[in-house]
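Peer 1: Next come a sequence and a model predicted from it.
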Amino acid sequence: MRLLFVHKSVEWLGIECLSAVLKEAGHITDLAFEIGLDGTFYFPLRQGTKHNAILKKIRRFNPDLILFSSTTNLFPWVREVSEAIKKKFSVPILVGGVHPTIASEKVIADKNIDMICIGEGEDAIVELVNKMEKKIPVYDTRNIWFKQDSEVIRNEVRPLIPNLDELPFPDKELFYKYGCFTTRLYVMTSRGCPYDCSYCYNTLLKKLYNKDKTSYTRRRSVKSVINELEIYKKQFNAKSIYFYDDIFNYNKQWVIEFAPVYRNRIGLPYYCILRPNLIDKELVGALKNSGCQRVAIGFESGNETVLNEVLNRKMGIKQLREAVAILKENRLKVDLYVMLGLPGETSKEMIDTANEVLALRPDSIFPHIYYPFIGTALMKKAVEMHYIDQNTLERIYSGEGNWTAESIIQHPDKQTAYNIKTILPILNKLPRFAEKYYLEKWILRKHNRVFLFMLKVIGVFFCSEWESTGRLKEQIKMHIIYFIGATKDLRWYRK
């Protein structure tokens, strides 16, 4: 079978994993890719295009099945491209990923989408494609929802894959030819998260698999991870690694085992995301000695009540401060993630967060505007508080808005939240005497929208230079390759 993935803006590990298992099963895969700043900096500058590169790729590759992986905020683009495809081709379209999993009925209702995949997709996609190739009935394939005449066939999910080491390494070549990564490689060592934060879609996925005896949170062996990295280091001339796990330090003993092996066999600088209440001196020492240079931690809120009663983070402000102090003692650079505009959060509580993170003097701050993921406890609270009406609910299900824009919910202090979001990364780099004016007066005022957008763009470069510079290099390379491909007949572009 010939299978064509369609994606935009960034490398996507989920697609690479699916491509790898499909190739292992004897099928042919390829990727149709579209550039855009949506997935990196969330600047929607290419909406409404005709998607000619994707349509040309479909015509040349002649696929038997077209596959998308969709987050919530990517879904408007998926719908738009699916419609463009169906106007010219009769190839079936399948959409998988987080959004079809948490908004299944909305996605399957789209007239241009034929199938959706719920939950973990490797085994389901291989089974489906094998059946299609053999021309045997497919409608009982677990994890897959189908349209049959005017009915929707909703199959249950299969058990999670218990041993991630059994999976082939992701097919990175799929995105590499489009320039989606340079010398910084994105790798995942685990799947899932053991916590139940009120805003996170992981809580929904755990409920989806609540009858499964396999742990939702699973990790590959150190041997598997190191073997993968050795291949990438040689194949792609890797210079640094970005571990994309939700929580890199959820299993301290794994990190302790991993650290010396990584240092001896890989030896590249790396970046990872840590949960602050799991940070201690032994763990951070192991990270530092193995080559970790920078970490991100989910600080989220500087107000104790918001942190635990609203977000269900189950940690204290004191723990957050201690975590940052330990990281700084070991000379690791620290990026702090915070959320603003939460249901019930006041301007004062947002200012508490800004003051708290600025007092810690991190290397950078990544502020996010709260976005309500469908079915989460915090979204339900927002509905109960009348922050989300029927029109807003429909917009959320359709994937409109994102965490960098003004809040999609009717928060009474949404302007304050957006003001803090735009100025906080810049304020972190300014002399500390500027804080008083901006946090006491400027953020409470209404400002010109164009001016705020310009601040947001400037703020990207005041965030982590490692992250912003890396992403910028990727975008430059993607755009160069894309426009060369559009004007010249490159061999890879004709596949």
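Peer 2: Perfect, thanks for sending it.
Peer 1: rest of the way, CA atoms for contacts and neighbours
Peer 2: Will do.
Peer 1: Can you give me the separation between Lys328 and Leu287?
Peer 2: 13 Å (CA to CA, to the nearest Å).
Peer 1: Who has more neighbours out of these two?
Peer 2: More neighbours surround Leu287 than the other of Lys328 and Leu287, with 28 against 17 (other CA atoms under 10 Å).
Peer 1: and that one, helix, strand or coil?
Peer 2: helix (DSSP: H, G, I helix; E, B strand; the rest coil).
Peer 1: how about the nearest residue to it, chain neighbours excluded?
Peer 2: Ala259 (6.4 Å; CA to CA, 6 or more residues apart in numbering).
Peer 1: Can you give me the pLDDT of that neighbour?
Peer 2: pLDDT recorded at Ala259 is 98.
Peer 1: now do the one 10 residues further on
Peer 2: Per-residue confidence at Pro269 stands at 97 (pLDDT).
Peer 1: tell me the contacts of it?
Peer 2: The contact partners of Pro269, by CA atoms under 8 Å, 6 or more residues apart in numbering, come to 239-241, 291-293.
Peer 1: In JSON lines, list these along with distance to Ile279.
Peer 2: Output for the contacts of Pro269, formatted as JSON lines (distance: CA to CA, whole Å):
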{"residue": "Lys239", "distance to Ile279": "26"}
{"residue": "Ser240", "distance to Ile279": "23"}
{"residue": "Ile241", "distance to Ile279": "21"}
{"residue": "Gly291", "distance to Ile279": "17"}
{"residue": "Cys292", "distance to Ile279": "14"}
{"residue": "Gln293", "distance to Ile279": "15"}
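Peer 1: Of the residues you listed, which is the nearest to Pro100?
Peer 2: Ile241 (29.6 Å; CA to CA).
Peer 1: Name the member of the contacts of Pro269 with the most neighbours.
Peer 2: Of the contacts of Pro269, with other CA under 10 Å as the count, Cys292 tops at 24 neighbours.
Peer 1: who touches Phe68 in this structure?
Peer 2: Phe68 touches 5-7, 78, 93-96, counting by CA under 8 Å, 6+ apart.
Peer 1: mind listing which of those residues are in helices?
Peer 2: Among the contacts of Phe68, the members found in helices (DSSP state H) are Val78.
Peer 1: For ChimeraX, write the select line for the buried members of the contacts of Phe68.
Peer 2: Selection of buried members from these for ChimeraX, criterion 16 or more other CA atoms under 10 Å:
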select :5,6,7,78,93,94,95,96
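Peer 1: Let me know the closest of the contacts of Phe68 to Ile476.
Peer 2: Set against Ile476, the nearest of the contacts of Phe68 by CA to CA is His7 (17.4 Å).
Peer 1: which residue is nearest the middle of this protein?
Peer 2: With distances taken as CA atoms, centre = their mean, Thr71 lies nearest the centre of the chain, 7.7 Å away.
Peer 1: Could you list the low-pLDDT ranges of the chain?
Peer 2: 38-48, 486-495 (pLDDT under 70).
Peer 1: contacts for the helix ranked longest in the chain?
Peer 2: With secondary structure taken from DSSP H, the chain has its longest helix at helix 465-487. Helix 465-487 is contacted by residues 9, 34-35, 37, 40, 53, 178-182, 184, 460-461, 490, 493 when judged by CA under 8 Å, 6+ apart.
Peer 1: what about the strands in the stretch 301-450 of the chain?
Peer 2: If DSSP state E, counting those that start in this stretch is used as the criterion, the strands of the stretch 301-450 of the chain fall at 333-340, 364-369.
Peer 1: Quick one: closest of those to Ser221.
Peer 2: Closest of the strands of the stretch 301-450 of the chain to Ser221 is strand 333-340, at 26.8 Å (criterion: CA to CA).
Peer 1: what's the closest non-adjacent residue to Thr353?
Peer 2: Gly302 (3.8 Å).
Peer 1: and that neighbour, what does it touch?
Peer 2: 317, 349-350, 352-357.
Peer 1: would you list those residues in CSV and tack on distance to Asp110 and neighbour count?
Peer 2: Formatted as CSV, those follow (distance: CA to CA, whole Å; neighbours: other CA atoms under 10 Å):
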residue, distance to Asp110, neighbour count
Ile317, 44, 19
Glu349, 40, 20
Met350, 38, 26
Asp352, 43, 17
Thr353, 40, 24
Ala354, 41, 25
Asn355, 45, 16
Glu356, 45, 17
Val357, 43, 24
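Peer 1: thinking again about what came up before, return the member of the contacts of Pro269 nearest to Leu336.
Peer 2: Gln293 (14.7 Å).
Peer 1: what sits against that closest one?
Peer 2: Neighbours of Gln293 in contact, by CA under 8 Å, 6+ apart: 269-271, 332-333.
Peer 1: okay, the residues you listed in CSV with distance to Ile108 next?
Peer 2: Formatted as CSV, the contacts of Gln293 follow (distance: CA to CA, whole Å):
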residue, distance to Ile108
Pro269, 43
Tyr270, 39
Tyr271, 37
Leu332, 45
Lys333, 44
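Peer 1: Going by neighbour count, which of those residues comes out on top?
Peer 2: Tyr271 (23 neighbours).
Peer 1: who does the strand or helix carrying that one pair up with?
Peer 2: According to DSSP states H and E, Tyr271 maps onto strand 270-274. Within its sheet, strand 270-274 is paired with strand 240-243 (parallel), strand 292-300 (parallel), according to DSSP bridges.
Peer 1: These: which one's closest to Trp254?
Peer 2: Nearest of these (CA to CA): strand 240-243, 14.1 Å.
Peer 1: Run the chain-centre distance for the closest one.
Peer 2: 15 Å (CA atoms, centre = their mean, to the nearest Å).
Peer 1: Name the next helix or strand downstream of it, please.
Peer 2: Assigned by DSSP H and E, the successor of strand 240-243 is helix 252-265.
Peer 1: helices or strands next to that following helix in the packing?
Peer 2: Helices and strands touching helix 252-265, by 3 or more CA pairs under 8 Å, 6 or more residues apart in numbering; DSSP states H and E, are helix 222-235, helix 281-290.
Peer 1: Need the CA coordinates for that helix. PDB is fine.
Peer 2: Extracted in PDB, the C-alpha atoms of helix 252-265 (Å, rounded to 0.1, in the frame of the first residue of the first chain):
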ATOM      1  CA  LYS A 252      14.600   9.300  39.000                       C
ATOM      2  CA  GLN A 253      16.300   5.900  38.800                       C
ATOM      3  CA  TRP A 254      16.000   5.800  35.000                       C
ATOM      4  CA  VAL A 255      17.700   9.200  34.800                       C
ATOM      5  CA  ILE A 256      20.500   8.100  37.200                       C
ATOM      6  CA  GLU A 257      21.100   5.000  35.000                       C
ATOM      7  CA  PHE A 258      20.800   7.000  31.700                       C
ATOM      8  CA  ALA A 259      23.200   9.800  32.700                       C
ATOM      9  CA  PRO A 260      26.600   8.100  32.600                       C
ATOM     10  CA  VAL A 261      25.700   6.100  29.500                       C
ATOM     11  CA  TYR A 262      24.600   9.200  27.600                       C
ATOM     12  CA  ARG A 263      27.800  11.100  28.600                       C
ATOM     13  CA  ASN A 264      30.100   8.300  27.500                       C
ATOM     14  CA  ARG A 265      28.300   7.200  24.200                       C
END
